[in-house]
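# model the following, please.
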Amino acid sequence: MNLGELAKHLKAELVAGEGQTLEAATLRAIEGVAGIETAGPAHVTFVANPKYAAQARTTKAAALIVEPAFPTIHAPTIRTPNPYLAWSRAIEIFHPAPHYLPGIHRTAVIGHTSRIGARAHIGAYVVIGEHCQIGDDAVLLPHAVLYDGVRVGQRFLAHSHAIVREGCQLGDDVVLQNGAIIGADGFGFAKNSDGRWIKIVQSGPAVLGDAVEVQANACVDRASVGETRIATGVKIDNLVQVGHGSIVGENTLLCSQTGLSGSTTVGKNVILAGQVGVAGHLTIGDGAVATAQSGIPSDVAPGAIVSGYPATDNRTWLRTVAALNRLPDLLKRVTLLEKHLKDNE
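Residues are numbered from 1 along each chain as shown. Sure, this is the predicted structure:
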């Protein structure tokens with residue numbers, strides 16, 4: 001593929017480098033993608049973060065994907081308002097996703113009452129229970145398991161060892177990475193008169209909207225009553241825990257090791273960064289952001305950016321941390337002042 005073809009595919013503008021003609025830039029061969037530090041003369045790379053702008057002038061890459069206002073450099077540039085998105089599409093060109101041929105492996109076990117859509121790929125040792133409905137173009141890779149009564153939309157992709165428990169419902173274009181578990185029992189127990197914990201039946205399913213991706217070893221628990229609902233476009237990172245009866249709004253990101261306690265309501269377009277912990281029975285408003293390792297014990301207003309524990313306004317938290325780092329010096333100064341006052345009594 002040449003650079004002109006790549007720019008056309010990305011629906012972006014190609015600009016020649018310093019001392020080059022556009023014709024020469026257009027015909028330049030591209031064989032792959034690479035990071036800005038390691039890219040060679042046949043690679044395309046990108047700059048979306050301003051801190052890498054200086055490296056753009058020294059990179060050996062054949063071309064860079066940049067914003068429209070990026071300055072002209074020695075290398076040709078592909079200019080687009082969203083370089084990171086264009087970069088992701090360039091990666092897809094040179095590293096297309098695997099294609100799985102339709103067919104059912106002889107070792108798969110499928111309930112007689114289940115319905116499988118057209119062109120499905122059912123891999124080795126897949127187990128599909130009774131009364132399941134699976135849409136067209138589904139791919140279930142080895143050892144994926146769907147319990148009884150599961151309903152799945154079009155173009156479902158379940159990687160090895162993904163599990164969907166009984167009665168759960170998934171929309172179109174849902175992706176489950178390895179070991180993701182949808183609809184495991186919520187953590188519900190009641191103590192009896194003898195002081196023993198008695199399990200509360202988790203009767204409600206987990207329901208996922210369209211274009212949801214749940215990554216490796218993440219869990220979306222089923223509800224004791226009602227349902228746990230993950231809205232369209234939500235992305236759930238590795239090792240995330242979504243507690244029973246929680247609701248997560250559209251296009252929200254739950255990053256690695258985040259945990260939602262039961263009955264948490266998270267709005268649309270929220271970002272909970274890595275290792276954020278959320279207490280149950282509270283609401284996080286639309287567009288809120290919690291930075292990494294925040295602990296959220298109470299409601300968060302829409303659009304707020306919070307940090308720390310207990311989570312507070314991000315700017316306040318940064319000032320608090322700065323003050324905390326000065327405490328040893330302040331303590332030393334107070335001790336000296338106390339000694340000085342005592343000596344002068």
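# for the chain, where's the lowest mean pLDDT among helices and strands?
Among the helices and strands of the chain, helix 53-56 carries the lowest confidence by mean pLDDT, DSSP states H and E, at a mean of 86.
# what pairs with the helix or strand just after it, parallel or antiparallel?
Sequence-wise, the next helix or strand downstream of helix 53-56 (DSSP states H and E) is strand 63-66. With DSSP bridges as the test, strand 63-66 is paired with strand 43-46 (parallel), strand 77-79 (parallel).
# average pLDDT across the last one?
This points to strand 77-79. For strand 77-79, mean pLDDT is 96.
# what lies in contact with it?
3, 6-7, 10, 12-15, 17, 44, 63-68, 70, 86 (Cβ atoms under 8 Å, 6 or more residues apart in numbering). For glycine as for every other residue, the C-beta is placed from the backbone atoms N, C-alpha and C.
# before we move on, what about stretch 152-160?
Outside stretch 152-160, the residues that reach it (Cβ under 8 Å, 6+ apart) are 117, 123, 132-144, 146, 164, 169-178, 180, 210.
# just how off-centre is the least confident helix or strand of the chain within its chain?
28 Å (Cα atoms, centre = their mean, to the nearest Å).
# do stretch 72-82 as well
The answer for stretch 72-82 is 28 Å, by Cα atoms, centre = their mean.
# make a ChimeraX selection of the buried ones in the contacts of stretch 152-160.
This is the ChimeraX syntax for the buried subset of these, where burial follows 16 or more other Cβ atoms under 10 Å:
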select :117,123,132,134,135,137,138,139,140,141,143,144,146,164,169,170,171,172,173,174,175,176,177,178,180,210
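# in strands, which of the contacts of stretch 152-160 fall?
Q133, I134, V139, L140, L146, V164, Q169, L170, V175, L176 (DSSP state E).
# isn't H143 up against V126?
Yes - between H143 and V126 a contact is recorded at 7.0 Å, counting by Cβ atoms under 8 Å.
# how is the chain partitioned into domains?
3-94, 103-317 (automatic domain parsing).
# ok, and which of these has the densest surroundings?
domain 103-317 (a mean of 19; mean count of other Cβ atoms under 10 Å).
# got the end-to-end distance for that one?
This stretch, domain 103-317, spans 55 Å end to end (Cα to Cα, to the nearest Å).
# which residue sits closest to E18, ignoring its sequence neighbours?
Counting by Cβ to Cβ, 6 or more residues apart in numbering, E18 lies nearest to H74, which is 5.1 Å off, once chain neighbours are set aside.
# surely the one you found and A25 touch.
No - look at H74 against A25 with Cβ under 8 Å: they stay out of range, at 11.4 Å.
# which residues does L27 contact?
L27 touches N2, L3, G4, counting by Cβ under 8 Å, 6+ apart.
# which phi and psi does A61 have?
With angles defined as degrees, to the nearest 10, A61 sits at phi -60, psi 150.
# export the ones in strands among the contacts of stretch 152-160 to CSV and append columns for pLDDT.
Below are the ones in strands among the contacts of stretch 152-160 laid out as CSV (pLDDT from 0 to 100):
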residue, pLDDT
Q133, 98
I134, 98
V139, 98
L140, 98
L146, 98
V164, 98
Q169, 98
L170, 98
V175, 98
L176, 98
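# all helices for this structure, in order.
3-9, 22-26, 53-56, 83-94, 314-325, 327-343 (DSSP state H).
# now the fourth one: mean pLDDT?
For helix 83-94, mean pLDDT rounds to 95.
# what packs against it?
helix 3-9, strand 32-33, strand 43-46, strand 63-66 (3 or more Cβ pairs under 8 Å, 6 or more residues apart in numbering; DSSP states H and E).
# mind listing residues that contact the last one?
This means strand 63-66. 3, 6, 10, 12, 25, 28, 30, 36, 44-47, 56, 70, 73, 75-80, 83, 86-87, 90.
# switch the cut-off to 10 Å
3, 6-7, 10, 12, 14-15, 17, 25, 28, 30, 33, 36, 39, 43-48, 52-53, 55-56, 70, 73, 75-80, 82-87, 89-90 (Cβ atoms under 10 Å, 6 or more residues apart in numbering).
# how about the CA coordinates for that strand, as CSV?
C-alpha atoms of strand 63-66 as CSV (Å, rounded to 0.1, in the frame of the first residue of the first chain):
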residue,chain,number,x,y,z
ALA,A,63,4.8,9.4,7.5
LEU,A,64,2.9,10.6,10.6
ILE,A,65,-0.8,10.9,11.4
VAL,A,66,-1.3,14.3,13.0
